[in-house]
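Colleague: Let's see this in three dimensions:
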Amino acid sequence: QVQLVESGGGLVQAGGSLRLSCAASGRTFSNYVMGWFRQAPGKEREFVASISRSGGLIYYADSVKGRFTISRDNEKNTVYLQMNSLKPEDTAVYYCGAKSLTTAQLIRDIRVPDYWGQGTQVTVSS
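Modeller: Numbers count the residues shown, from 1 in each chain. So this is what the prediction gives:
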């Protein structure tokens, strides 16, 4: 079992920045591919960014490329999502997901993660 706890969400004006964190516990964090996903009201959960075990491979959804940066610190068992130039359409609950036997490319599918955090709300005002 892996326990994931997101933090760092909040209310921010358009153009602002937030940094989300996802702290993992329970198993060897470096064994897990990690992803960030989000779900806006009335919409399905969607992929945002993913990172391989070593951090060497990273993928982003087109909607966040150039604005968001995913990173991980395997010593701290934490994955981060730096979000800059936020837009109102970025408003959503943000979740981190984890799976060990996969790749950063495959975890983009929301059906892939075995473990999910509880989510953190991000609200961007216009």
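Colleague: Taking the centroid of this protein, which residue is nearest it?
Modeller: The centroid of the chain falls nearest to residue 36 when counting by CA atoms, centre = their mean (2.0 Å).
Colleague: So that one belongs to a helix, correct?
Modeller: No - checked against DSSP: H, G, I helix; E, B strand; the rest coil, residue 36 lies outside a helix; its state is strand.
Colleague: Once you drop chain neighbours, what's closest to it?
Modeller: residue 48 (4.3 Å; CB to CB, 6 or more residues apart in numbering). The C-beta positions use only the backbone N, C-alpha and C, and glycine is treated the same way.
Colleague: Does residue 116 touch residue 96 like I think?
Modeller: Yes - Residue 116 lies in contact with residue 96 (CB atoms under 8 Å); the separation is 7.4 Å.
Colleague: Compare these two (neighbour count), which wins?
Modeller: More neighbours surround residue 96 than the other of residue 116 and residue 96, with 30 against 17 (other CB atoms under 10 Å).
Colleague: Give me the spatial nearest neighbour of the more buried one, chain neighbours excluded.
Modeller: Closest to residue 96 by CB to CB, 6+ apart is residue 22, at 3.5 Å.
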